[in-house]
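no sequence on this one, just coordinates:
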């Protein structure tokens, strides 16, 4: 049985990144978060329909010169980690 998951991120706040990179960061984040949810699913609590009004994705340790795609992946992994707690 396949479950539908609806995840709405109203605002993603990133400081210290070039404005030109925001779309690439967002697309990579969406793709990685989708992959994580498809492969690993949700915690049982969230799987029953919970709402999280605010999720702190934590701090990122970004290497100098990191590509926007790598940053988006790291953000998605932090978000997924927050959803799994």
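All right, it came through fine. All values reported here derive from a predicted model rather than from experimental measurement. Numbers count the residues shown, from 1 in each chain.

now the helices for this protein?
Listed in chain order, the helices of the chain (DSSP state H) span residues 22-40, 44-47, 68-84.

which residue packs closest to residue 32, ignoring adjacent ones?
residue 76 (3.6 Å; C-beta to C-beta, 6 or more residues apart in numbering). The C-beta positions use only the backbone N, C-alpha and C, and glycine is treated the same way.

tell me who's in contact with that neighbour.
28, 29, 30, 31, 32, 33, 36 (C-beta atoms under 8 Å, 6 or more residues apart in numbering).

now residue 36
Contacts were defined as C-beta under 8 Å, 6+ apart; by that measure residue 36 touches 76, 77, 80.

what about 10 Å?
42, 73, 76, 77, 79, 80, 81, 83, 84 (C-beta atoms under 10 Å, 6 or more residues apart in numbering).

in ChimeraX, how would I select just the buried ones from these?
To isolate the buried ones among the contacts of residue 36 in ChimeraX, judged by 16 or more other C-beta atoms under 10 Å, type:
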select :42,73,76,77,79,80,83
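
give me the buried subset of the contacts of residue 76.
Taking 16+ other C-beta under 10 Å as the criterion, what is buried in the contacts of residue 76 is 28, 29, 32, 33, 36.
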